[in-house]
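Undergrad: Kindly generate the corresponding structure for this input.
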Amino acid sequence: MHVLHLHSGFNAGGKELRAVRLMQAFGPDIAHAVVSAQPGAYGAADVLDPALHVTLGGDFPALQGRPTPARLWRIARAMQGYDLVLSYNWGAMDAVLAHRLFARRLGLGPLVHHEDGFNEDEAGGLKWQRNLFRRAALAGAAALVVPSQRLAAIAREAWHQPASRVRLIGNGIPTARYTARPAPDSLPGLTKAPGTFWLGTLAGLRAVKNLPRLVRAFATLPQPWQLVIVGEGPERTAILAEAQRLGVAERVHLPGFVADPARVVGLFDLFALSSDSEQFPISVVESMAAGLAIAAPAVGDVAAMVAGENRPFITPAGDEEALARALGELAGDGALRARVGAANQAHAQAFYDENAMISAYRETYAAAMGGAQGWPLPS
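TA: All right, here's what the predicted structure looks like:
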């Protein structure tokens, strides 16, 4: 069986690492081809199991450009020969439209689209032109998968998708792997010194994550606290510049991308987000599974994701002072952090283990193919 993945970008982030995990769960009997709309953006391939059959890029037509009939025809022809097409986010939407226009004529396999959220260009509000484009393109999709209640509502109301097409599948992780406490030197290039506390986050260093905001909120914490931002991306310079401006550069660390968050997130004493836009961030689930308290703005489903004990520390979106106050309260009370973290861990184990997620994706893909023989259905 051959599956084509059309990504807006395939550098390591939440949706990309989820796609990798699903490939690995489905096993080596399925061949995968991965295409990124951003040339050369294939960083998540570094964590693929070598036993899998995965090709990257190839000579697939560019996914971005003017959606002329000739270009859409070339994209549609490149989809021939695949049993299932999986598309991801706005960057792959031209391919979704191409599939709708030419699938019957070319005998293309079914398409399942995935929407995981928005970049900074739509973080403040959806663009009506894109809404119209999505309505037209998605009409030919077998299913639309979203990870959050907010996105499910957007799919129905703004994109006019029938409820039968929208599948809400929450992000899951192997929660048991996050319970062990890592060694102090588990993070490459950075060792946790005795007597220090780490405020941590896992994020792609992109503008929509607004990590300079987190630096400003962190700057109010006392000297034993360090800020550790695990991830990579184009905003690295802006983050470091803000730390330098505030005089906390020696306490702010950017160790880069880590392929296995379960090996490092347990080093954090407190977890934080500062994003302008999120939907159902896997990093929140990972920090909950590790038994951490969380301070974050109320973006996407974050307030609904955490345990009830943690909800007072989910602050109004965009309110930087409120985020700083939440961080200060949690940082100043170890017993409170432990109590909230224990509630989060129990909640993650009960609701966000990856087995349910993998089964839901299997069922969705198999249904798109009409229950096609050979698809690895759940046992």
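Undergrad: give me phi/psi at the residue nearest to Val248 when sequence neighbours are not counted?
TA: In this structure, Val248 finds its nearest non-sequential neighbour in Ala219, 5.0 Å apart by C-beta to C-beta, 6 or more residues apart in numbering. Bear in mind the C-beta positions are built from the backbone N, C-alpha and C, glycine included. Backbone torsions of Ala219, given as degrees, to the nearest 10, read phi -60, psi -20.
Undergrad: list the buried ones in stretch 66-80?
TA: Neighbour-count burial for stretch 66-80, counted by 16 or more other C-beta atoms under 10 Å, picks out Pro67, Leu72, Trp73, Ile75, Ala76, Ala78, Met79.
Undergrad: In contact with the third one, which residues?
TA: Applying C-beta atoms under 8 Å, 6 or more residues apart in numbering, one finds that Trp73 lies in contact with Ala98, Phe102.
Undergrad: The first one too?
TA: Applying C-beta under 8 Å, 6+ apart, one finds that Pro67 lies in contact with Asp94, Leu97.
Undergrad: tell me which element it falls in.
TA: Under DSSP states H and E, no helix or strand contains Pro67.
Undergrad: hang on, isn't Ala289 packed against Gln345?
TA: Yes. Counting by C-beta atoms under 8 Å, Ala289 does reach Gln345; the two are 6.3 Å apart.
Undergrad: overlap in contacts of these two?
TA: Thr179.
Undergrad: related to what we said a few turns ago, can you redo the buried residues of stretch 66-80 as TSV with pLDDT?
TA: As requested, these are exported to TSV (pLDDT from 0 to 100):
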residue	pLDDT
Pro67	94
Leu72	98
Trp73	98
Ile75	98
Ala76	98
Ala78	98
Met79	98
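Undergrad: For Arg213, give me phi and psi.
TA: Note on Arg213: backbone dihedrals following degrees, to the nearest 10 are phi -60, psi -40.
Undergrad: mind listing the helices for the stretch 51-200 of the chain?
TA: Counting by DSSP state H, counting those that start in this stretch, one finds helices in the stretch 51-200 of the chain at the ranges 69-78, 93-106, 128-138, 149-157.
Undergrad: of all the ones you listed, which gets the most neighbours per residue?
TA: Burial of the helices of the stretch 51-200 of the chain is given as mean neighbour count (mean count of other C-beta atoms under 10 Å); helix 93-106 ranks first at a mean of 20.
Undergrad: Could you name the helices and strands sitting against it?
TA: Counting contacts by 3 or more C-beta pairs under 8 Å, 6 or more residues apart in numbering; DSSP states H and E, helix 93-106 packs against helix 69-78, strand 84-88, strand 111-114, helix 128-138.
Undergrad: chain center to the third one: distance?
TA: I take that to be strand 111-114. Offset of strand 111-114 from its chain centre (C-alpha atoms, centre = their mean, to the nearest Å): 16 Å.
Undergrad: Residue ranges in the stretch 101-250 of the chain under the pLDDT threshold?
TA: 120, 123 (pLDDT under 70).
Undergrad: Comparing Ala289 and Gln345, which residue is more hemmed in?
TA: Taking neighbours as other C-beta atoms under 10 Å, Ala289 and Gln345 compare with Ala289 leading, 26 against 20.
Undergrad: Return the residues in contact with the nearest residue to the more buried one once chain neighbours are set aside.
TA: Take Ala289 and drop its neighbours on the chain: the residue closest to it by C-beta to C-beta, 6+ apart is Tyr178, 3.7 Å away. Residues in contact with Tyr178 (C-beta under 8 Å, 6+ apart) are Ala262, Val265, Gly266, Glu286, Ala289, Ala290, Gly291, Ala348.
Undergrad: Does the fourth one touch Val264 like I think?
TA: No. With contact defined as C-beta under 8 Å, Glu286 and Val264 do not form a contacting pair (9.9 Å).
Undergrad: what separates Gly332 from Thr220, distance-wise?
TA: In this view, Gly332 and Thr220 are 11 Å apart by C-beta to C-beta, to the nearest Å.
Undergrad: Give me the more crowded residue out of those two.
TA: A direct count of neighbours by other C-beta under 10 Å for Gly332 and Thr220 places Thr220 higher, at 15 against 11.
Undergrad: Chain neighbours aside, what residue packs nearest to the more buried one?
TA: Closest to Thr220 by C-beta to C-beta, 6+ apart is Ala324, at 5.0 Å.
Undergrad: Leu254 now?
TA: That would be Ile229: by C-beta to C-beta, 6+ apart, it lies 5.2 Å from Leu254.
Undergrad: same check, this time on Asp269
TA: Phe197 (4.4 Å).
Undergrad: before we move on, back to that, am I right that the residue nearest to Leu254 is in a strand?
TA: Yes. Assigned with DSSP: H, G, I helix; E, B strand; the rest coil, Ile229 falls within a strand.
Undergrad: Can you show me the strands along the stretch 151-300 of the chain?
TA: Per DSSP state E, counting those that start in this stretch, the stretch 151-300 of the chain carries strands over the ranges 166-168, 197-202, 225-230, 252-256, 270-272, 294-297.
Undergrad: okay, now the domains of the chain?
TA: What automatic domain parsing lists as the domains of the chain is 2-172+354-368, 175-351.
Undergrad: most distant residue from the middle of the chain?
TA: Distance from the C-alpha centroid of the chain, by C-alpha atoms, centre = their mean, peaks at Arg105 (34.3 Å).
Undergrad: Distance of that residue relative to Ala98?
TA: Arg105 is 11 Å from Ala98, by C-beta to C-beta.
Undergrad: Pro261 now?
TA: The gap separating Pro261 from Ala98 is 35 Å, by C-beta to C-beta.
Undergrad: same thing with Leu63?
TA: 10 Å.
Undergrad: what touches both of these two?
TA: The contact sets of Leu63 and Ala98 overlap at Ile75 (C-beta under 8 Å, 6+ apart).
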